[in-house]
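Novice: Just the structure for this:
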Amino acid sequence: MTVTAPADRRFLRARVKPGRRHGAWQARLRGARVVVIASLLGVAVYGLVQLVGTSGMFTVTRVTVRGNTWLAAGEVLALVDGLKGENLLSTSLHEWRRRLLESAWVQDAALRRLLPGTIDITIVERRPIGIGRVGGVLYLVDERGSVIDEYGPRYADFDLPVIDGLAGTAAGGRGEADTRRAALASRLLGALRSQPDLERRVSQVDVSDPRNAVVVLDTDAVMIRLGDDQFVERLRKYIEIAPALRERVPDMEYVDLRFGERVPVGAPPRAPRGQPPSGG
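Specialist: Presented below is the predicted three-dimensional model:
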């Protein structure tokens with residue numbers, strides 16, 4: 001008698017072929033390939049570095065200067081003396097820019113590399129707003145009151161007003177002005193820049209009082225007190241009413257325009273009858 005028993009899957013032989021043991025060899029092969037490739041890249045980089053270091057194509061042979069007006073190109077090149085002959089790619093442009101900024105005329109500078117062997121320099125110069133007078137010496141000053149250079153025949157083409165009252169402008173020959181006084185002078189002259197007819201007439205500015213700018217015109221010795229705002233409006237008002245004021249006060253010394261319609265006028269004190277005026 002034949003008895004058929006159900007097959008028990010737990011006792012069936014697994015129909016899976018054993019895997020090949022090549023994983024370790026493949027890993028070693030991949031590692032060897034990486035080592036070979038890295039070595040080849042290292043050799044290539046070393047060769048490129050050697051080429052860059054020895055090729056004349058990457059030696060700075062020319063320096064160009066742009067953007068300079070009052071600072072001569074030769075003066076700019078003197079500030080970066082030694083740049084020629086440097087490696088174009090490895091030289092530090094940041095360090096050369098720092099040297100350029102040591103000049104009082106240079107407000108900003110940008111350097112860029114150009115092939116073959118050229119460094120291009122673009123200069124932004126400081127803008128003088130006036131001629132500061134300190135201790136009888138004249139200096140070109142910018143909008144911060146900082147000294148640019150001592151004023152002399154070289155700058156005779158500058159048509160700028162003389163600025164008094166910038167205390168500390170040239171301590172030890174150079175330095176920073178009082179910031180409030182410099183700001184007042186900068187605002188005043190900045191406002192007049194949009195009015196060329198007025199700007200040309202201003203010959204002297206006094207900012208000894210940081211809340212009251214005093215202006216003297218080129219054909220008028222009267223000290224015009226303008227305060228710290230409305231410079232253009234107040235100066236035009238003075239020009240308009242000056243003839244009438246002179247009729248009433250021929251020898252006026254100052255006019256104060258800070259109080260709207262009320263315009264105080266100052267004149268030298270009158271000497272007693274029979275005595276000469278004070279000062280002769």
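Novice: so who does the most centrally placed residue in the chain touch?
Specialist: In the chain, the C-alpha nearest the mean C-alpha coordinate belongs to residue 107, at 3.4 Å (C-alpha atoms, centre = their mean). Applying C-beta atoms under 8 Å, 6 or more residues apart in numbering to residue 107 gives the contacts 124-126. Any C-beta I mention is one placed from the backbone N, CA and C, and that applies to glycine too.
Novice: Ok, residue 159 next?
Specialist: Counted by C-beta under 8 Å, 6+ apart, residue 159 has contacts residue 200.
Novice: now do residue 179
Specialist: 144-145.
Novice: ok, back up a step: of the contacts of residue 107, which belong to strands?
Specialist: Secondary structure assignment (DSSP state E) places 124-125 from the contacts of residue 107 within strands.
Novice: number of nearby residues for the nearest residue to residue 123 once chain neighbours are set aside?
Specialist: Nearest residue to residue 123 in three dimensions, chain neighbours excluded: residue 67, at 4.1 Å (C-beta to C-beta, 6 or more residues apart in numbering). Counted with other C-beta atoms under 10 Å, the neighbours of residue 67 add up to 15.
Novice: Kindly report the same for residue 235.
Specialist: 22.
Novice: Could you list the residues in contact with stretch 207-221?
Specialist: Counting by C-beta under 8 Å, 6+ apart, 163-167, 178, 180-185, 188, 200-206, 222-228, 231, 235, 242, 254, 258 sit against stretch 207-221.
Novice: picking that back up, check the gap between the residue nearest to residue 123 and residue 224 for me.
Specialist: To residue 224, residue 67 is 37 Å away according to C-beta to C-beta, to the nearest Å.
Novice: what does residue 208 give?
Specialist: Counting by C-beta to C-beta, the gap from residue 208 to residue 224 is 15 Å.
Novice: Kindly write the PyMOL command that selects the buried subset of the contacts of stretch 207-221.
Specialist: PyMOL command restricting the contacts of stretch 207-221 to the buried ones, with burial defined by 16 or more other C-beta atoms under 10 Å:
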select buried, resi 163+164+165+166+178+181+182+183+184+185+188+201+202+203+204+205+206+222+223+224+225+226+227+228+231+235+242+258
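Novice: So which of the contacts of stretch 207-221 belong to strands?
Specialist: Using DSSP E, those in strands are 163-164, 202-206, 223-227, 254.
Novice: could these be laid out in CSV, adding pLDDT and distance to residue 27?
Specialist: Below are the ones in strands among the contacts of stretch 207-221 laid out as CSV (pLDDT from 0 to 100; distance: C-beta to C-beta, whole Å):
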residue, pLDDT, distance to residue 27
163, 96, 80
164, 95, 85
202, 96, 85
203, 96, 88
204, 96, 87
205, 97, 83
206, 96, 86
223, 97, 93
224, 97, 91
225, 97, 90
226, 97, 86
227, 97, 85
254, 96, 95
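Novice: and residue 148, what are its phi and psi?
Specialist: phi -90, psi -50 (degrees, to the nearest 10).
Novice: Quick check: the residue nearest to the centre of the chain is in a strand.
Specialist: Yes - judged by DSSP: H, G, I helix; E, B strand; the rest coil, residue 107 forms part of a strand.
Novice: Now for residue 97, which secondary structure element holds it?
Specialist: Per DSSP states H and E: residue 97 is located in helix 93-100.
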